[in-house]
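In: Could you look at this predicted model? Sequence included:
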Amino acid sequence: MFASRSVSARQGLAAQRFLSTSRAVPNYATYRVHQLGNHKLPEITNEPNPTYAPNSPEREKLMQAVEELRSQSPQHVPLIINGKEVKTGNVERQFMPSEHSKVLCTYENAGPEHVEEAIEGALAAKSSWENLPIYDRQAIFLRAADLLSQKYRYKAMAATMLGQGKNIWQAEIDAAAETCDFLRYNVKFSEEVYSSQPAANSRGIWNRVEHRPLEGFVYAVSPFNFTAIGANLATAPALMGNTVVWKPAPAATLSNYVIYQILQEAGLPDGVIQFIPGPAAEITRKIFDHPEFSSLHFTGSTKVFKDLWKEISNNLDKYRGYPRIVGETGGKNFHLLHKSADVTNAVNQSVRAAFEFQGQKCSALSRLYVPDNLWPQFKKEFVEKVNSIKVGNITDPSNFMGPVINKLAFDKITGYIEHARNAPECEIIAGGKYDESTGYFIQPTVVETKDPFTKTMKEEIFGPVVTAYVYPAEDFDGAIELANSTASYGLTGAIFSQDRNAAVYATSKLTHAAGNFYVNDKCTGAVVGQQSFGGARASGTNDKGGSANLLHRFVSPRSIKENFIPLEDFNYPSNQ
Ligand SMILES: NC(=O)c1ccc[n+]([C@@H]2O[C@H](COP(=O)([O-])OP(=O)(O)OC[C@H]3O[C@@H](n4cnc5c(N)ncnc54)[C@H](O)[C@@H]3O)[C@@H](O)[C@H]2O)c1
Ligand SMILES: N[C@@H](CCC=O)C(=O)O
């Protein structure tokens with residue numbers, strides 16, 4: 001009895017040892033990491049867009065995903081720290097702006113202790129992540145793009161439609177196409193960064209540049225209006241070997257979480273990106289208090305960005321280095337028509353630029369300068385088309401416009417409409433109505449002003465309101481000056497002209513008026529890989545999302561010089 005018990009105890013111990021060794025996490029540091037001397041990326045191109053025309057299979061699948069998500073709401077979104085779901089007991093809600101009584105998801109709110117844990121986890125994950133060969137890091141993001149393109153396209157789009165109020169096309173170009181494009185093109189741009197090497201080597205010398213990730217962790221803070229921007233803010237620094245703490249915008253929590261889950265399924269190691277929704281100011285204070293804070297990667301409003309910049313400056317003595325601050329912010333974007341412009345093109349481009357996604361794009365058209373020789377035709381066509389725009393719940397595909405994001409935005413935008421209604425220099429020539437009984441719906445609104453410096457010509461509204469100023473056709477210079485200097489921003493702008501000399505002249509005079517400048521095209525709709533995006537002046541640091549330039553901000557180059565020829569005498573020949 002005793003013997004058999006001891007045998008089975010020994011067997012048990014052996015089995016336990018076997019199990020514990022087979023389950024133990026291998027020590028990756030002791031492995032030889034495979035090294036490709038060089039590698040060639042698969043071809044990178046823009047994600048193709050299906051049309052979602054009536055009766056198309058893609059429309060059917062998407063609407064099914066929307067219906068499923070709507071009927072299964074609310075979903076629940078945890079924090080993800082070190083790969084684990086964390087519940088905090090402090091729960092917030094994300095509503096559907098088309099039907100604001102409906103909760104899309106509940107989500108956990110990070111407290112200071114969770115932020116601390118996220119930072120420490122990100123720092124602990126850093127060494128193995130930055131030591132992973134670049135092609136293994138690249139592979140994770142390429143895989144994520146393929147997962148999004150195929151398996152999760154409709155899920156990500158449905159979360160963006162219901163949560164952020166985008167119609168089918170706006171969700172397609174954001175949650176599906178632009179997100180895939182960021183994930184893939186950043187991989188291509190990273191190759192450009194790593195291959196940037198010294199131009200010359202003296203005889204017997206070999207110079208190299210190591211593009212090191214930053215020391216410490218990166219903090220990514222994203223806006224509600226583009227699912228793709230959230231994805232880019234978190235993944236671009238991560239691709240370059242950094243670890244990231246990501247705070248999504250409350251009104252984009254679910255779509256951003258879907259992207260996060262895709263990254264996990266694609267093999268992103270635990271801790272490389274920590275997902276922590278929650279109270280913005282409190283989370284940020286805790287982050288900025290940490291000595292290893294190395295960079296802010298922000299997109300959002302100008303005021304918030306300026307405040308964050310000041311807070312970082314006030315804390316400067318706490319940090320190991322000088323934090324990199326990368327921020328893309330607001331805009332007050334313009335279309336300037338020359339007297340030779342093709343009116344119908346300018347009208348159609350202006351309708352899209354001002355009212356797609358309810359004008360909630362940083363690039364949205366907000367100021368129109370039209371010469372008096374074209375104004376009668378422009379006004380007639382523009383007002384007619386604006387009045388024909390259908391506004392309503394985004395679950396009805398025939399609606400060109402949906403709701404604005406929330407009550408705060410609704411009140412702010414309608415405040416501008418009321419201001420225009422009451423200002424003697426302004427006249428509302430289309431729209432001007434709104435209704436928040438079920439969703440936050442605002443009719444597309446056109447204001448005509450006699451004062452080019454009226455409030456709605458200067459401040460970012462971030463809603464479906466555009467103001468037009470009619471200028472004397474012969475005073476093109478005056479109109480250029482207005483476009484250039486009325487607002488403090490410098491994000492996007494467009495010149496419409498069939499006279500090439502006039503287009504060239506305006507392009508030159510408006511050099512600093514817009515980081516993204518268009519000729520005979522609308523001022524929105526930049527495509528990753530085609531027009532890198534960002535503006536200067538109050539619009540941000542213009543580091544250009546969707547370019548190698550942005551990735552350069554998340555590496556700290558080290559120059560390495562190796563000498564093959566021993567030095568035999570310290571004297572110079574000139575000392576002889
Ligand atoms: N230039 C660009 O590329 C670009 C792109 C998209 C949006 N935007 C701008 O973003 C704005 C709209 O987005 P939004 O409403 O989400 O902007 P927002 O500034 O309100 O919020 C952006 C992010 O900052 C966080 N935040 C807010 N207050 C904060 C605080 N006190 N401390 C720390 N974090 C804080 C939010 O929670 C969110 O995650 C517009 O001004 C738009 O022009 C710019
Ligand atoms: N990439 C977008 C701008 C994003 C801002 O919200 C465009 O060009 O329309």
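Out: That came in fine, so what should we check first? Ligands and ions are numbered 1, 2, ... in the order given.

In: CA atoms of stretch 253-264 as CSV?
Out: This file holds the C-alpha atoms of stretch 253-264, laid out as CSV (Å, rounded to 0.1, in the frame of the first residue of the first chain):
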residue,chain,number,x,y,z
THR,A,253,-14.7,53.1,-27.9
LEU,A,254,-16.3,50.0,-29.5
SER,A,255,-14.9,50.5,-33.0
ASN,A,256,-11.4,51.1,-31.5
TYR,A,257,-11.8,47.9,-29.4
VAL,A,258,-12.6,45.9,-32.5
ILE,A,259,-9.4,47.1,-34.0
TYR,A,260,-7.6,46.2,-30.8
GLN,A,261,-9.0,42.7,-30.9
ILE,A,262,-7.8,42.3,-34.5
LEU,A,263,-4.3,43.3,-33.5
GLN,A,264,-4.4,40.7,-30.8
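
In: ok, and what's touching that stretch?
Out: Contact partners of stretch 253-264, identified using Cβ atoms under 8 Å, 6 or more residues apart in numbering, comprise 75, 77, 80, 83, 94, 104-105, 107, 140-141, 144, 147-148, 152, 155-156, 159-160, 162-164, 175, 179, 222, 227, 230-231, 235, 246, 248-249, 273, 275, 277. Where you see a C-beta, it was placed from the backbone N, CA and C, and this is true even at glycine.

In: Could you rerun that using 7 Å?
Out: 75, 77, 80, 94, 104-105, 107, 144, 147-148, 152, 155-156, 159-160, 163-164, 175, 179, 222, 227, 230-231, 248, 273, 275, 277 (Cβ atoms under 7 Å, 6 or more residues apart in numbering).

In: Following the chain onward from the helix or strand in which residue 141 is found, which element is next?
Out: Assigned by DSSP states H and E, residue 141 falls within helix 134-149. Using DSSP H and E, the helix or strand that follows helix 134-149 in sequence is helix 153-164.

In: Do me a favour and average the pLDDT over the helix or strand that that following helix is followed by.
Out: Once the chain leaves helix 153-164, the next helix or strand it forms, by DSSP H and E, is helix 168-171. Helix 168-171 shows a mean pLDDT of 98.

In: Quickly note the distance from the nearest residue to residue 494 once chain neighbours are set aside to residue 423.
Out: Counting by Cβ to Cβ, 6 or more residues apart in numbering, residue 494 lies nearest to residue 518, which is 3.9 Å off, once chain neighbours are set aside. In this view, residue 518 and residue 423 are 29 Å apart by Cβ to Cβ, to the nearest Å.

In: The closest residue to residue 187 other than its chain neighbours: neighbour count?
Out: Of all residues not flanking residue 187 in the chain, residue 138 sits nearest, at 4.5 Å (Cβ to Cβ, 6+ apart). Residue 138 has 22 neighbours, counted by other Cβ atoms under 10 Å.

In: Quick check: the gap between residue 138 and ligand 2.
Out: Computed as Cβ to the nearest ligand atom, to the nearest Å, the residue 138 to ligand 2 distance reads 23 Å.

In: Pretty sure that residue sits against residue 188.
Out: No - between residue 138 and residue 188 there is no contact under Cβ atoms under 7 Å: 9.1 Å.

In: Ligand 1 next: which of the contacts of stretch 253-264 are close?
Out: For ligand 1, the contacts drawn from those by Cβ under 6 Å from any ligand atom are residue 222.

In: More neighbours: which of residue 518 and residue 423?
Out: The neighbour count for residue 518 versus residue 423, taken as other Cβ under 10 Å, is higher for residue 518 (23 against 16).

In: Assign the more buried one to helix, strand or coil.
Out: For residue 518, the assignment made with DSSP: H, G, I helix; E, B strand; the rest coil gives strand.

In: for residue 448, same thing?
Out: Secondary structure, three-state DSSP: residue 448 is strand.

In: cool, and residue 327?
Out: Classified using three-state DSSP, residue 327 is strand.

In: so what's it up against?
Out: Taking Cβ under 7 Å, 6+ apart as the test, what residue 327 contacts is 296, 298, 299, 305, 540, 541.

In: Can I get the helix holding residue 141 in CSV, CA atoms only?
Out: Provided in CSV are the C-alpha atoms of helix 134-149 (Å, rounded to 0.1, in the frame of the first residue of the first chain):
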residue,chain,number,x,y,z
ILE,A,134,11.6,44.2,-38.0
TYR,A,135,10.1,41.8,-40.5
ASP,A,136,8.4,39.9,-37.6
ARG,A,137,6.9,43.2,-36.3
GLN,A,138,5.9,44.1,-39.9
ALA,A,139,4.2,40.7,-40.3
ILE,A,140,1.9,41.4,-37.4
PHE,A,141,0.5,44.6,-38.9
LEU,A,142,0.2,43.1,-42.4
ARG,A,143,-1.7,40.2,-40.9
ALA,A,144,-4.0,42.6,-39.0
ALA,A,145,-4.7,44.4,-42.3
ASP,A,146,-5.7,41.2,-43.9
LEU,A,147,-7.9,40.2,-41.0
LEU,A,148,-9.7,43.5,-41.2
SER,A,149,-10.0,43.4,-44.9
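
In: That helix packs against which elements?
Out: Judged by 3 or more Cβ pairs under 7 Å, 6 or more residues apart in numbering; DSSP states H and E, helix 134-149 is in contact with helix 179-194, helix 227-239, helix 253-265.

In: Next, the nearest residue to residue 328 once chain neighbours are set aside: phi, psi?
Out: Closest residue to residue 328 in three dimensions, ignoring its sequence neighbours and counting by Cβ to Cβ, 6+ apart: residue 540, at 4.1 Å. Here is the backbone geometry of residue 540 (degrees, to the nearest 10): phi 140, psi -170.

In: Pretty sure residue 329 is one of the things residue 540 touches, is it not?
Out: Yes - using Cβ under 7 Å, residue 540 and residue 329 qualify as a contacting pair, with a distance of 4.7 Å.

In: Between those two, tell me which one has more neighbours.
Out: The residue with more neighbours, out of residue 540 and residue 329, is residue 540; 28 against 25, by other Cβ under 10 Å.

In: picking that back up, can you give me the pLDDT of the residue nearest to residue 494?
Out: pLDDT recorded at residue 518 is 98.

In: Check residue 83 too.
Out: With respect to pLDDT, residue 83 has a value of 98.

In: Does it touch residue 272 like I think?
Out: No - if you go by Cβ under 7 Å, residue 83 and residue 272 don't touch, sitting 9.1 Å apart.

In: who has more neighbours, those two?
Out: Shown here are residue 83 and residue 272; by other Cβ under 10 Å, residue 272 has more neighbours (27 against 14).

In: Give me the distance between the more buried one and residue 185.
Out: Residue 272 is 20 Å from residue 185, by Cβ to Cβ.

In: For the residue nearest to the spatial centre of the chain, which non-adjacent residue is spatially closest?
Out: For the chain, residue 229 is the residue whose C-alpha lies nearest the centre (Cα atoms, centre = their mean; 1.5 Å). Once flanking residues are discounted, residue 229 sits nearest to residue 299: 5.1 Å by Cβ to Cβ, 6+ apart.

In: how about that neighbour, phi and psi?
Out: Note on residue 299: backbone dihedrals following degrees, to the nearest 10 are phi -140, psi 130.

In: Report the contact partners of it.
Out: Applying Cβ under 7 Å, 6+ apart, one finds that residue 299 lies in contact with 222, 223, 229, 233, 327, 328.

In: Where does pLDDT dip in the protein?
Out: Residues of the chain meeting the criterion pLDDT under 70: 1-32.

In: Residue of it nearest ligand 1, please.
Out: residue 300 (2.5 Å; Cβ to the nearest ligand atom).

In: what about the residue nearest to residue 524 when sequence neighbours are not counted, how many neighbours?
Out: Of all residues not flanking residue 524 in the chain, residue 363 sits nearest, at 4.3 Å (Cβ to Cβ, 6+ apart). With neighbours defined by other Cβ under 10 Å, the count for residue 363 comes to 24.

In: I am finished for the moment; much appreciated.
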